[in-house]
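**Q** 3D, please:
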Amino acid sequence: MSEFTGRVVVITGAGSGIGRALALDLAAKGARLALSDVDTVGLEETARLARDLGAEVQAEPLDVTQREKVMDYADKVAEHFGVVNQVYNNAGVAYHGEFERTEFKDFERVVDVDFWGVVNGTKAFLPHLIASGDGHLINVSSLFGLLSIPGQSAYNAAKFAVRGFTESLRQEMLVAKHPVQVTCVHPGGIKTAIARNAAVPDGDDQVSFAQFFDSKLARTTPEDAAATIVRGVRKNKGRVLIGADAKLLDGWVRLVGPSYQRVVAFVTARVLPKG
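**A** Residues are numbered from 1 along each chain as shown. Here you go, the predicted structure:
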């Protein structure tokens, strides 16, 4: 038995990557799962694997950018399980490209999913978390919510926004004395398909970018990432850094301040594959 046994846990973006790893980690700990994703095939596979571990699972396709559907989904989950204890706003997409060549639609897509998806999920589930008496909200930002790099203006904007939103909300819960813990998660390079699925400007070489990310930057497995998140949740941490890269670079940025930007620009210009 663990402190997660019997807890009702909501995970968005559960069809693959960190979302799937979280679902299976928590299933093994006895949690009851409400899983969602736009990838119905991946979602059903995650649900099957979680059920094989003995978990009670409710799985439903969900686009986190569709606010009214997210609001309805939260009520449906609460009605089905009777309570909601933890929410992991994990769904996300990526985009790589210089802002000068980025279309508004591509920028908006990243912000809609990566930031507004978190806001929608938080707004929908927060009343249920408060009502539970021991709620915990976990919002997934990124290493790129701690520092910026060229080619990631949309992703940086969304993930910095998630960080600011989540930290403000954590303080609001403390001021109001609500029984809700709030955690912001900052993964470094994780071995998922996010880079392979990332959009790029027309004419750019998406394959080369994805191969560079997978071979040079993705060092942490989704399973290790999930385990780190769960440990952070257990300890009620306000911020969870995942991977040696996230911890090292966060410390470096704190040390050198804004001057990190020139160093990152210099290194990026020499190591990133050209479009």
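
**Q** show me where pLDDT drops low in the stretch 101-250 of the chain?
**A** Residues of the stretch 101-250 of the chain that meet the criterion pLDDT under 70 lie in 192-218.

**Q** Around the closest residue to Glu56 other than its chain neighbours, how many other residues sit close by?
**A** The shortest distance from Glu56 to any non-neighbouring residue, by C-beta to C-beta, 6 or more residues apart in numbering, is to Arg32 (4.5 Å). Heads up, the C-betas are built off the backbone N, CA and C, glycines and all. Residues lying near Arg32 (other C-beta atoms under 10 Å) number 22.

**Q** can you check Val271 too?
**A** Around Val271 there are 9 residues (other C-beta under 10 Å).

**Q** Model confidence for Thr268, exactly?
**A** Note for Thr268: predicted pLDDT of 88.

**Q** export the helix or strand harbouring it as CSV, just CAs?
**A** Using DSSP states H and E, Thr268 maps to helix 260-271. The C-alpha atoms that make up helix 260-271 are tabulated as CSV, following Å, rounded to 0.1, in the frame of the first residue of the first chain:
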residue,chain,number,x,y,z
TYR,A,260,23.6,33.1,-20.3
GLN,A,261,21.8,34.3,-23.5
ARG,A,262,25.0,35.2,-25.4
VAL,A,263,26.6,31.9,-24.5
VAL,A,264,23.5,29.9,-25.6
ALA,A,265,23.3,31.9,-28.8
PHE,A,266,27.0,31.2,-29.5
VAL,A,267,26.7,27.5,-28.8
THR,A,268,23.4,27.0,-30.6
ALA,A,269,24.7,28.6,-33.8
ARG,A,270,27.5,26.0,-33.9
VAL,A,271,25.8,22.8,-32.9
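
**Q** what about it, distance to the chain center?
**A** Mean C-alpha position of helix 260-271 versus that of the full chain (C-alpha atoms, centre = their mean, to the nearest Å) differs by 26 Å.

**Q** For that helix, buried residues please.
**A** 260, 264 (16 or more other C-beta atoms under 10 Å).

**Q** start to end distance for stretch 86-96?
**A** 31 Å (C-alpha to C-alpha, to the nearest Å).

**Q** what is Ile242 paired to in the beta sheet?
**A** Ile242 has these beta-bridge partners by DSSP bridges: Pro187.

**Q** returning to that earlier point: the residue nearest to Glu56 and Val83 touch, don't they?
**A** No. Using C-beta atoms under 8 Å as the test, Arg32 is too far from Val83 to be in contact (9.3 Å).

**Q** between these two, what contacts are shared?
**A** Residues within reach of Arg32 and of Val83 at once, by C-beta atoms under 8 Å, 6 or more residues apart in numbering, are Val8.

**Q** Let me see the ranges of the strands in the stretch 101-250 of the chain.
**A** 135-140, 180-187, 239-242 (DSSP state E, counting those that start in this stretch).

**Q** for the shortest one, packing partners?
**A** Under the contact criterion of 3 or more C-beta pairs under 8 Å, 6 or more residues apart in numbering; DSSP states H and E, strand 239-242 touches strand 180-187, helix 222-234.

**Q** Check what contacts that strand and list those residues.
**A** 143, 183-188, 190, 220, 224-225, 228-229, 232, 247, 250.

**Q** Could you do the second one as well?
**A** Outside of strand 180-187, the residues within contact range by C-beta under 8 Å, 6+ apart are 18, 126, 129-130, 135-143, 145-146, 162-163, 166-167, 169-170, 173, 220, 225, 229, 232-233, 236-243, 246, 250.

**Q** which among the residues you listed end up buried?
**A** Buried among the contacts of strand 180-187 (16+ other C-beta under 10 Å): 18, 126, 129, 135-143, 145-146, 162-163, 166-167, 169-170, 173, 220, 225, 229, 232-233, 237, 239-243, 246, 250.

**Q** what sits against the closest residue to Ser148 other than its chain neighbours?
**A** The shortest distance from Ser148 to any non-neighbouring residue, by C-beta to C-beta, 6+ apart, is to Asn156 (4.5 Å). By C-beta under 8 Å, 6+ apart, Asn156 lies in contact with 144-145, 148-149.
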